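Colleague: No letters, just coordinates:
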């Protein structure tokens, strides 16, 4: 039994009236990409929520994209605002699965890790002398998928904090310009804190799953906004090379990208540099079933360069990453 699992950041998928490119134009490009995946499970990032009068905010743009594809009939769950049936207005995490979900999805945000406090140096606000909590902004999304009578797959979908500098009160001239380099550097540092904190909380969630079942089959997918060997990826992987404790070997998470040729090992292009910031990591218990990885980056464009407007490139600025398992190959 082959099982294909993908992660795909769809870059602000929305259906705004005046957006360019329109959702219709985006669907023409994105739908063939989804069909090519032939996935059984897809973890999506950057799915915007749409407003419908009298109804809870919903992910209607994604549902429109999935029409007339096999995924239209898949089971679907999405992140929700606290205590509500509404999705977030921006950057929802969505998981679609050919197989049924076991129990309710779980959102983790600032619940396993106490947010650290930090005194800004360049802040010029009225409360500049007071320490502020550096909270994680985006939830970690966790589901259990019942693949067959014998197999529960634990799937974690992530979108870690971007590499853009966080706001520092009084230090922005406008949306794009900073008053001085020190303020920008501090904002960049704060974003790094948020990204690392989210990766630590993810690792804590992974360890809690292992506490219940040391042989748990875990897949962590998503946009990490971090390169291989950077702290967020290393924190989630939990390598013995870092912990120095061989007793933790079976709890390592293995980066599937390592089986992709280095020349093709990228999901994003920024100012001419090919970067791998989307990842899929699997637990050691899944290694006997792991067969291959693919990154569909043949048509990926560098949207960071001059005149590379979204209107020219209706596709996503991320490439989808997919792995294939063969669950019946091991008794």
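Modeller: Yep, it's here. The structure displayed is predicted, hence computed values, not measured ones.
Colleague: Please enumerate the helices of the protein.
Modeller: 23-37, 60-66, 181-212, 231-237, 240-243 (DSSP state H).
Colleague: To residue 318, which of the ones you listed lies closest?
Modeller: When the helices of the chain are compared by C-beta to C-beta, helix 23-37 sits nearest residue 318, at 10.7 Å. To be clear about C-beta, it is placed using only N, CA and C from the backbone, and glycine gets the same treatment.
Colleague: for the closest one, packing partners?
Modeller: strand 2-13, helix 60-66 (3 or more C-beta pairs under 8 Å, 6 or more residues apart in numbering; DSSP states H and E).
Colleague: Of these, which is nearest residue 81?
Modeller: Closest among the helices and strands packed on helix 23-37, using C-beta to C-beta: helix 60-66, at 16.3 Å.
Colleague: so what pLDDT did the closest residue to residue 320 other than its chain neighbours get?
Modeller: Nearest residue to residue 320, sequence neighbours excluded (C-beta to C-beta, 6 or more residues apart in numbering): residue 8, at 4.0 Å. Per-residue confidence (pLDDT) for residue 8: 98.
Colleague: what about residue 8, neighbour count?
Modeller: 27 (other C-beta atoms under 10 Å).
Colleague: quick one: contacts for it?
Modeller: 33-34, 37, 42-45, 316, 318, 320-321 (C-beta atoms under 8 Å, 6 or more residues apart in numbering).
Colleague: Tell me who's in contact with residue 40.
Modeller: 3-5, 97-99.
Colleague: ugh, wrong one, I meant residue 33
Modeller: With C-beta under 8 Å, 6+ apart, residue 33 has these contacts: 8, 296, 315, 320.
Colleague: Report the beta-bridge partners for the first one.
Modeller: When you say that, I think you mean residue 8. residue 44 (DSSP bridges).
Colleague: Make 41 the starting number, not 1.
Modeller: Sure, I'll start counting at 41 from here, so that last one is residue 48.
Colleague: Could you pull out the buried residues of stretch 79-92?
Modeller: Using 16 or more other C-beta atoms under 10 Å as the test for burial, stretch 79-92 gives 79-90.
Colleague: closest to residue 260 among the residues you listed?
Modeller: residue 83 (9.2 Å).
Colleague: wait, doesn't the closest one sit right on residue 199?
Modeller: No - using C-beta atoms under 8 Å as the test, residue 83 is too far from residue 199 to be in contact (9.5 Å).
Colleague: Is the residue nearest to residue 192 when sequence neighbours are not counted bridged to anything, and to what?
Modeller: The shortest distance from residue 192 to any non-neighbouring residue, by C-beta to C-beta, 6+ apart, is to residue 184 (5.4 Å). In this entry, residue 184 is beta-bridged to residue 194, by DSSP bridges.
Colleague: count of neighbours near residue 184?
Modeller: 17.
Colleague: And residue 71, by the same measure?
Modeller: 17.
Colleague: ditto for residue 215
Modeller: For residue 215, using other C-beta under 10 Å, the count is 6.
Colleague: give me phi/psi at it?
Modeller: phi -60, psi -30 (degrees, to the nearest 10).
Colleague: same thing with residue 89?
Modeller: Per degrees, to the nearest 10, the backbone of residue 89 is at phi -100, psi 150.
Colleague: Next, the contact list for it, please.
Modeller: Counted by C-beta under 8 Å, 6+ apart, residue 89 has contacts 97-99, 126-130, 132.
Colleague: separation between residue 191 and residue 120?
Modeller: 27 Å (C-beta to C-beta, to the nearest Å).
Colleague: Tell me which of these two has more neighbours.
Modeller: Looking at residue 191 and residue 120 with other C-beta under 10 Å, you find the greater number of neighbours at residue 120, namely 19 against 15.
Colleague: quick one, what contacts the more buried one?
Modeller: Counted by C-beta under 8 Å, 6+ apart, residue 120 has contacts 126-128, 147.
Colleague: pLDDT score for it?
Modeller: According to the model, residue 120 carries a pLDDT of 96.
Colleague: got it, and residue 369?
Modeller: 46.
Colleague: Residue 214 now?
Modeller: 96.
Colleague: what's the neighbour count on it?
Modeller: Neighbour tally, residue 214, other C-beta under 10 Å: 6.
Colleague: Over to residue 333?
Modeller: 18.
Colleague: circling back: quick check: which of the helices and strands packed on helix 63-77 is nearest to residue 266?
Modeller: Using C-beta to C-beta, the nearest of the helices and strands packed on helix 63-77 to residue 266 is strand 42-53, at 13.5 Å.
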